[in-house]
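Trainee: Sequence plus the predicted model coming up.
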Amino acid sequence: MTTLTLSAPAKINLFLDITGRRSDGYHTISGVMQSVSLGDTVTLTLTPVTEGETPRHTLTCTHPDLPTDGKNLALRAAKAFFETAGTGDTHLHIHIEKHIPAAAGMAGGSTDAAAVLKGLNELMGHPLTHGELCRVGLSLGADVPFCVTGGAQITEGVGEILTPCAPLPPCHLVVACAGEGVSTPAAYKKLDEMYGHFDGTAYLPKMDALSAQLEALKKGDLCEAGKNAYNIFESAVLPTHSKAGYIKNSLASSGAVFAMMSGSGPSVFGVFENEKDAQAAAEVLLSRDIPAWVCKPIGR
Ligand code: ATP
């Protein structure tokens with residue numbers, strides 16, 4: 001029996017815009033993603049298959065509402081890995097200690113999948129390159145290549161074109177999430193209706209703000225990075241998720257340099273210069289029964 005435990009960090013989007021739609025209907029994006037220290041823990045256990053046995057892939061998860069069958073992205077990642085690397089002659093058990101809020105725009109499923117891909121690759125003696133892991137990851141979800149890579153990255157294409165960029169300068173983050181999860185496809189549908197299906201006439205992506213944010217990150221200027229933070233999903237999600245708007249206002253009133261929804265929401269993060277203010281901002285939300293976590297940006 002061989003066991004490997006990996007951390008599976010969540011991500012936040014410092015910038016997220018839609019640049020168009022591909023002929024297959026997928027939206028193309030342009031933005032900046034940052035890994036954070038809030039994360040799941042994924043443990044992989046391999047047990048040799050004895051003669052006549054068929055390899056079994058099983059999963060347990062501390063979150064009672066998440067699927068433990070083939071619908072779980074972590075099990076789908078294992079299947080895709082074994083099919084690509086051809087090393088599937090083993091039983092596998094995956095245990096996920098869930099800390100990332102589900103369906104919250106923080107890539108919870110994608111990061112578990114990425115941890116499984118990276119972990120299996122390590123346990124099997126690295127049969128796949130980083131690029132191959134990202135390609136397998138992309139077949140599972142647009143955020144998986146970022147989660148395989150981590151750190152701070154400019155994300156383009158459907159999320160698979162990654163270019164490293166300067167990370168958030170040292171700071172403290174409060175991530176909070178209340179109310180019902182958001183379905184990412186439903187949020188895209190709403191944006192399509194709002195912005196003319198991104199046919200290039202009704203909406204102009206905010207590329208100047210993205211360049212300004214990247215420049216600010218390079219200079220380590222948190223305030224300027226915040227002034228240029230943007231998430232197009234806020235316009236679709238905040239009007240119908242009043243708790244996300246409430247959290248954003250609360251974080252701003254607690255002194256956040258900036259606060260914004262992450263991905264398709266409804267999680268919201270606030271960026272603070274010092275830990276004491278971040279803790280106090282989290283306390284305000286916790287006192288109102290809103291789950292909140294203090295964490296930090298992390299590198300690759
Ligand atoms: P993203 O930010 O990549 O759009 P998300 O953070 O909004 O993703 P997830 O937490 O990945 O959303 O959950 C989306 C759906 O995926 C949920 O409805 C959940 O049932 C399903 N899912 C499958 N596997 C997992 C997993 N390991 N962890 C979390 N959700 C999972």
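Mentor: Structure received.
Trainee: Can you give me the pLDDT of Ala78?
Mentor: pLDDT for Ala78: 97.
Trainee: In three-state terms, label it for me.
Mentor: Following DSSP: H, G, I helix; E, B strand; the rest coil, the label given to Ala78 is helix.
Trainee: roughly how far out does the longest helix along the chain sit from the chain middle?
Mentor: Identified as the longest helix of the chain according to DSSP state H is helix 108-123. In this view, helix 108-123 has its centroid 13 Å away from the chain centroid, taken as CA atoms, centre = their mean, to the nearest Å.
Trainee: Check stretch 115-125 too.
Mentor: Taking mean C-alpha positions (CA atoms, centre = their mean), stretch 115-125 and its chain are 20 Å apart.
Trainee: Now it: buried residues?
Mentor: Ala115, Val116, Leu117, Lys118, Gly119, Leu120, Asn121, Leu123, Met124 (16 or more other CB atoms under 10 Å). Any C-beta I mention is one placed from the backbone N, CA and C, and that applies to glycine too.
Trainee: Stretch 44-59 too?
Mentor: Leu44, Thr45, Leu46, His57, Leu59.
Trainee: So which residue is dead centre in the protein?
Mentor: With distances taken as CA atoms, centre = their mean, the residue of the chain nearest its centroid is Ala107 (2.7 Å).
Trainee: about what we covered before: would you mind giving the buried residues of stretch 115-125 as CSV with distance to Phe233 and pLDDT added?
Mentor: Listed next are these as CSV, based on distance: CB to CB, whole Å; pLDDT from 0 to 100:
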residue, distance to Phe233, pLDDT
Ala115, 25, 98
Val116, 27, 98
Leu117, 26, 98
Lys118, 28, 98
Gly119, 30, 98
Leu120, 32, 97
Asn121, 32, 97
Leu123, 36, 96
Met124, 37, 95
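Trainee: Looking at the residues you listed, which is nearest Gly263?
Mentor: Using CB to CB, Ala115 is the member of these that lies nearest Gly263, at 18.3 Å.
Trainee: The spatially closest residue to Leu66 that is not a sequence neighbour: what secondary structure?
Mentor: Nearest residue to Leu66, sequence neighbours excluded (CB to CB, 6 or more residues apart in numbering): Ala102, at 6.2 Å. The local conformation at Ala102, judged by three-state DSSP, is coil.
Trainee: Who are the contact partners of Ala102?
Mentor: Contact partners of Ala102, counting by CB atoms under 8 Å, 6 or more residues apart in numbering, are His63, Asp65, Leu66, Gly108, Gly109, Gly181.
Trainee: How much space separates the closest residue to Arg300 other than its chain neighbours from the ligand?
Mentor: Of all residues not flanking Arg300 in the chain, Gly151 sits nearest, at 3.7 Å (CB to CB, 6+ apart). Remark: distance between Gly151 and the ligand (CB to the nearest ligand atom, to the nearest Å) = 17 Å.
Trainee: per-residue confidence at Gly151?
Mentor: Reading off the model, Gly151 has pLDDT 98.
Trainee: so what's it up against?
Mentor: So Gly151 contacts Gln34, Ser35, Pro164, Pro167, Ile298, Gly299, Arg300 (CB under 8 Å, 6+ apart).
Trainee: Just those: which are in strands?
Mentor: Among the contacts of Gly151, the members found in strands (DSSP state E) are Gln34, Ser35, Pro164.
Trainee: Select only the buried ones of those residues in PyMOL?
Mentor: One line in PyMOL is enough to select the buried ones among those; burial here means 16+ other CB under 10 Å:
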select buried, resi 34+35
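Trainee: From the ligand, how far out is Cys61?
Mentor: Counting by CB to the nearest ligand atom, the gap from Cys61 to the ligand is 7 Å.
Trainee: just Ser30 next, same as before
Mentor: 16 Å.
Trainee: Equivalent analysis for Asp112, please.
Mentor: Distance from Asp112 to the ligand, by CB to the nearest ligand atom: 4 Å.
Trainee: I'd say that residue and Leu73 touch.
Mentor: Yes. Look at Asp112 against Leu73 with CB atoms under 8 Å: they come within range, at 6.0 Å.
Trainee: Tell me which of the two has more neighbours.
Mentor: Asp112 (30 against 21; other CB atoms under 10 Å).
Trainee: could you pull out the helices for the stretch 151-300 of the chain?
Mentor: 184-194, 207-219, 222-227, 233-237, 242-253, 275-286 (DSSP state H, counting those that start in this stretch).
Trainee: Around the ligand, pick out the residues from this structure.
Mentor: 66-67, 71-74, 96, 102-110, 112, 143, 184, 263-264 (CB under 6 Å from any ligand atom).
Trainee: which of those count as buried?
Mentor: By 16+ other CB under 10 Å, the residues of the chain next to the ligand give 66, 72-74, 96, 103-110, 112, 143, 184, 263-264 as buried.
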